[in-house]
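Peer 1: here you go, sequence then predicted model.
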Amino acid sequence: MGNKSGSERNLTLQAPVESPSGDRLMELLKLHNSNRIDYNVRKWETVKFFQTIVSALIGATVAALLAVFATSRPVHFDVLMRVCLSALPAGAAVASFLAILSIRRESRLLFQEELQAFKLAKLLGFDVKIPSDRRWLVADRYLLPRKWREPSYGTGKPTPEHVEDWLDARTRSHGFIGIFGFLFLFEMAASAVLLASCFLLKFTLPTN
C-alpha cells in the first residue's frame, strides 16, 4: 500500500471527542458550586480579619494620642510618638489597602466559579419553564433564579461576550465590594489623618 497523505493520517489518528455524561456534568456542577460557596465565606472572613486588624491599629493610635495629651512627661511623649509614627496609623492604612485587594480578588474567584456553575446548569437542561399546574408560586415561571438564567444579570447591558469581560463587569458592579471597599477606603483616609496628626504633634508639642 502507498503512503497516506498528511490529511488522511490526521483523520485516522484523531479519536472522536466524547461529550461528557450527565453524571460527570453533575459532579462538576457540585464541585464548582461548593467552590462558589467557599469563596463567598472567604470574603466575609477576609472582611472580619482585616477589620479586626484595622480597628485595633486605629484604636491604639487614638489611645496613644490621648496619652500624649494626658502626660506631662516629655519622655513618655517621645516614646508614644515613635509608636504612632512608625507603626499604628501607617499599618492601619496598609491593612485597609490589602483588604480592598483581597476582597476584589476573592470576589472575582467567586464569579469564576459561578460562571462555571451557570454554564453547567445550562448544559444539564436546568434552564426550563415550570408548567403552570406545578408552580409553587403562580408568577414563578422558571426552575432557576434569574441570576442563573440571564448572562446580563449584574453586568449591565449590553451583555459581555467574553469571559474576562463578564468577570470584570460582575466585579465592578458587585455590591459587596462597593460597601466594604468604601468602608476600608474610609478607614484608610482616617489612618492618613491620624498619621498626619502624629507628624503635626511632633513639631507642636515640646520634647526633650
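Peer 2: All right, it came through fine.
Peer 1: can you list the helices and strands that the host helix or strand of residue 45 packs against?
Peer 2: Assigned by DSSP states H and E, residue 45 falls within helix 22-70. The helices and strands touching helix 22-70, judged by 3 or more CB pairs under 8 Å, 6 or more residues apart in numbering; DSSP states H and E, are helix 74-86, helix 88-123, helix 175-204. For glycine as for every other residue, the C-beta is placed from the backbone atoms N, C-alpha and C.
Peer 1: so for residue 165, which of the ones you listed sits nearest?
Peer 2: Set against residue 165 and scored by CB to CB, these come closest in helix 88-123, at 11.6 Å.
Peer 1: rounded mean pLDDT for that closest one, please.
Peer 2: Taken as a whole, helix 88-123 carries a mean pLDDT of 93.
Peer 1: I'd like the next helix or strand past that helix.
Peer 2: Per DSSP H and E, the first helix or strand lying C-terminal to helix 88-123 is helix 146-149.
Peer 1: where's the spatially most central residue of the chain relative to residue 46, distance?
Peer 2: For the chain, the residue sitting closest to the mean C-alpha position, by CA atoms, centre = their mean, is residue 107 at 2.7 Å. Residue 107 is 10 Å from residue 46, where distance means CB to CB, to the nearest Å.
Peer 1: tell me the contacts of the closest residue to residue 190 other than its chain neighbours?
Peer 2: Leaving out its chain neighbours, the residue that sits closest to residue 190 by CB to CB, 6 or more residues apart in numbering is residue 58, at 6.3 Å. Contact partners of residue 58, counting by CB atoms under 8 Å, 6 or more residues apart in numbering, are 88, 89, 92, 187, 190, 191, 194.
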